[in-house]
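Trainee: after the sequence you'll find the predicted model.
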Amino acid sequence: MYDLVIRNGRTITGEQVEIAVTDGKIVEVTKVISGRGAKELTLADDERLSAGWIDDHVHCFEEMNLYYDYPDAIGVEKGVTTVIDAGTTGAENIGRFYQLAQAAKTNVYALVNISKYGIVEQDELADLTKVQSQRVAEALKAYPNFILGIKARMSKTVIGDNGIKPLLMAKEIQAENQQLPLMVHIGSNPPELSDILAVMEKGDVLTHCFNGKPNGILDQKTDRIKDFAVAAYQRGVVFDIGHGTDSFNFHVAEIALAAGIKCESISTDIYIRNRQNGPVYDMATTLEKLHLVGYSWEEIIDKITIAPAENFKLTTKGRLQPKMDADFTIFKIGKKEKQLTDSNGNVRTTNEVIQPVKTIIGGRIYDNQL
């Protein structure tokens, strides 16, 4: 007998699927499961099933002051099975974050900030003595199943007078540690986005890719995507949403889409203030914005399951296959008028919404409030 059998499932493409789970792992995926489960969950005809949603850019170390939240408030309660904290902590305090994260129902991972205290202050990369490659290496060794990569925030308020140097140091740390995934935050200049992208390589993650700032990918004079941004995209730099309070603009996303440039992964950059007060609120709202821009629901689901799992080497997540972790999101897509606001206050109205119904993590079922 299986621990759990999910019956009458349908994927976002309408494919019929039933899933058997034992010991927190998927053991069978087929149209109809013949065996029984100690627990059985039969989905309603209007419910859809996907691998568990992954948000690869959040801030959920609750003991910080600037950017913080609680993993389950942005994870399991919102249909998200896995969150990756994007550099809130550095080598000096990531151990404490790890301790707290173990109590969460949500799967929690981290990118370690190259500055040793993380985002204790806004300008964590203004003092480069805080970037200590040996301390990063020690943290990676101490928490190999928790730390998935490194994070460098490369915008004016963060770097002080250091220009591109913090990113060059991040690339050195990456090279010294088996080419770990690197996420780079972009915003106002300096440094110039052209200089940042000149350093970034295939597989490096550029978060806040569709921000509406002059130093973003859109040339605001010509209303075209900048040539160097197109070149970076074409050579494999990963474009990630990282919506956040100040980093997603409808128009930029639409112009990029018209130019054949799509984000590879969708993340929220959520923390307590933009969760409670907007414009982020939750993962589902961010997905609705991308759908309104022109992305299909099918590709949207891929961008919060398969893509982040591959980008951050989560080899047992992101797919509905045997031996994968038994993490699932059950959701509905319905017709409803809803106002959506981007980070620059632009308001659009959608008529189609997505709503998580249940979150399943390691085979355990949690209900979401409709």
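Mentor: Nice, thanks for sending it over.

Trainee: next up, the contacts around Ile306.
Mentor: Applying C-beta atoms under 8 Å, 6 or more residues apart in numbering, we find Ile306 in contact with 51, 318-319. Using the backbone N, CA and C atoms, a C-beta is placed for each residue, glycine as well.

Trainee: quick one: the helices in the chain?
Mentor: Using DSSP state H, the helices found in the chain span residues 71-74, 94-101, 133-142, 156-159, 165-176, 193-199, 227-234, 250-258, 272-276, 283-293, 297-302, 306-311.

Trainee: I'd like the ones you listed as TSV, with mean pLDDT and distance to Lys39 appended.
Mentor: Below are the helices of the chain laid out as TSV (pLDDT from 0 to 100; distance: least, C-beta to C-beta, whole Å):
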stretch	mean pLDDT	distance to Lys39
helix 71-74	98	21
helix 94-101	98	27
helix 133-142	96	37
helix 156-159	95	47
helix 165-176	97	43
helix 193-199	98	49
helix 227-234	98	45
helix 250-258	98	41
helix 272-276	98	31
helix 283-293	98	26
helix 297-302	98	25
helix 306-311	98	26
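
Trainee: quick check: Lys130 touching Ser115?
Mentor: Yes. Applying C-beta atoms under 8 Å as the test, Lys130 and Ser115 come out as touching, 4.5 Å apart.

Trainee: which neighbours do these two share?
Mentor: Counting by C-beta under 8 Å, 6+ apart, the residues touching both Lys130 and Ser115 are 90, 124.

Trainee: circling back to that earlier point, columns distance to Leu43 on top of the helices of the chain, output as a markdown table?
Mentor: Output for those, formatted as a markdown table (distance: least, C-beta to C-beta, whole Å):
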| stretch | distance to Leu43 |
| --- | --- |
| helix 71-74 | 23 |
| helix 94-101 | 30 |
| helix 133-142 | 40 |
| helix 156-159 | 45 |
| helix 165-176 | 42 |
| helix 193-199 | 43 |
| helix 227-234 | 37 |
| helix 250-258 | 32 |
| helix 272-276 | 28 |
| helix 283-293 | 18 |
| helix 297-302 | 16 |
| helix 306-311 | 21 |
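
Trainee: what's the closest of these to Asp55?
Mentor: Distance to Asp55, taken as C-beta to C-beta, is lowest for helix 283-293 among the helices of the chain, at 5.6 Å.

Trainee: tell me who's in contact with the residue most central in space within the chain.
Mentor: Nearest residue to the geometric centre of the chain (C-alpha atoms, centre = their mean): Asp56, 2.2 Å. Shown in contact with Asp56 (C-beta under 8 Å, 6+ apart): 84, 86, 183, 205, 240, 265, 267, 308, 311-312.

Trainee: repeat that with 7 Å
Mentor: For Asp56, the contacting residues are 84, 240, 265, 267, 308, 311-312, by C-beta atoms under 7 Å, 6 or more residues apart in numbering.

Trainee: domain map for the protein?
Mentor: Per automatic domain parsing, the structural domains of the chain span 2-50+322-367, 51-311.

Trainee: most tightly packed of those domains?
Mentor: By mean neighbour count, with neighbours taken as mean count of other C-beta atoms under 10 Å, domain 51-311 ranks first of the domains of the chain at a mean of 20.

Trainee: now it, how far from the centre of its chain.
Mentor: 7 Å (C-alpha atoms, centre = their mean, to the nearest Å).

Trainee: okay, strands next: where are they in the stretch 51-200 of the chain?
Mentor: For the stretch 51-200 of the chain, the strands defined by DSSP state E, counting those that start in this stretch cover 53-58, 80-86, 107-113, 147-154, 182-186.

Trainee: make CSV from the ones you listed and add distance to Glu40 and mean pLDDT to it.
Mentor: Below are the strands of the stretch 51-200 of the chain laid out as CSV (distance: least, C-beta to C-beta, whole Å; pLDDT from 0 to 100):
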stretch, distance to Glu40, mean pLDDT
strand 53-58, 23, 98
strand 80-86, 20, 98
strand 107-113, 24, 98
strand 147-154, 34, 98
strand 182-186, 40, 98
